[in-house]
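[1] here is my input; please provide its structure:
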Amino acid sequence: TSALLRQISLKAIEPMASKSSKPIQTLVEAEKEAAVVVEKARKNRDARLKQAAAEAEAEINEYRAQKEAQYQAEVEKYKGSAGDVSKKIDEDTEKMIKATSESATQNKQIIVDLLIKYVSEVDA
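    A predicted model of the protein is given here:
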């Protein structure tokens, strides 16, 4: 009798088990599909992030090169003018030294006479 009861109960349970396992199986399959979709979305997001980073790096390098070129152009511009300014200062200095020497030569006797006058003159 107990074997018979087991057979009857198993036969009664089998249709219910297959009926209840079908929704569970559907959920498991849906969960697997969802996991695949989520993984694909993650991979796409990672790819987009890497692409955006590469584009940003390229843009930064382009900007850096542009600014470096501008800087070098400014350096060259002032480098040439600095040499010109230095040359002009040297020329002006030479002119001033020459003018001072000529003035001293022309006024040498006058200055010597004034010095002798002031030294030899005694105020009492």
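[2] so where is this structure shaky, pLDDT-wise?
    1-20, 80-83, 124 (pLDDT under 70).
[3] do you have the helices of it handy? List them.
    2-120 (DSSP state H).
[4] not counting stretch 48-66 itself, show me its contacts.
    The list of residues contacting stretch 48-66 from outside it, by CB atoms under 8 Å, 6 or more residues apart in numbering, is empty. Glycine gets a C-beta too; all of them are placed from N, C-alpha and C.
[5] which of the residues in it are classified as buried?
    For stretch 48-66, a neighbour-count test (16 or more other CB atoms under 10 Å) marks nothing as buried.
[6] could you do stretch 68-85 as well?
    Buried residues in stretch 68-85, counting neighbours by 16+ other CB under 10 Å, are absent.
[7] run the chain-centre distance for that stretch.
    23 Å (CA atoms, centre = their mean, to the nearest Å).
[8] i'd like the first residue to be 56 from this point on
    Renumbered: residue one is now 56, and that last one reads stretch 123-140.
[9] go ahead and produce CSV holding the CA coordinates of that stretch.
    Presented in CSV, the C-alpha positions along stretch 123-140 are these (Å, rounded to 0.1, in the frame of the first residue of the first chain):
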residue,chain,number,x,y,z
GLU,A,123,53.5,75.3,-28.2
ALA,A,124,53.6,76.6,-31.8
GLN,A,125,52.2,79.9,-30.6
TYR,A,126,54.7,80.1,-27.8
GLN,A,127,57.6,79.3,-30.1
ALA,A,128,56.5,82.0,-32.5
GLU,A,129,56.4,84.5,-29.7
VAL,A,130,59.8,83.4,-28.5
GLU,A,131,61.2,83.9,-32.0
LYS,A,132,59.5,87.2,-32.4
TYR,A,133,61.0,88.6,-29.2
LYS,A,134,64.3,86.8,-29.6
GLY,A,135,64.9,88.7,-32.8
SER,A,136,63.8,92.0,-31.3
ALA,A,137,65.9,91.4,-28.1
GLY,A,138,69.0,91.1,-30.3
ASP,A,139,68.0,94.3,-32.0
VAL,A,140,67.4,96.1,-28.7
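[10] how many neighbours does Glu94 have?
    By other CB atoms under 10 Å, 10 other residues sit near Glu94.
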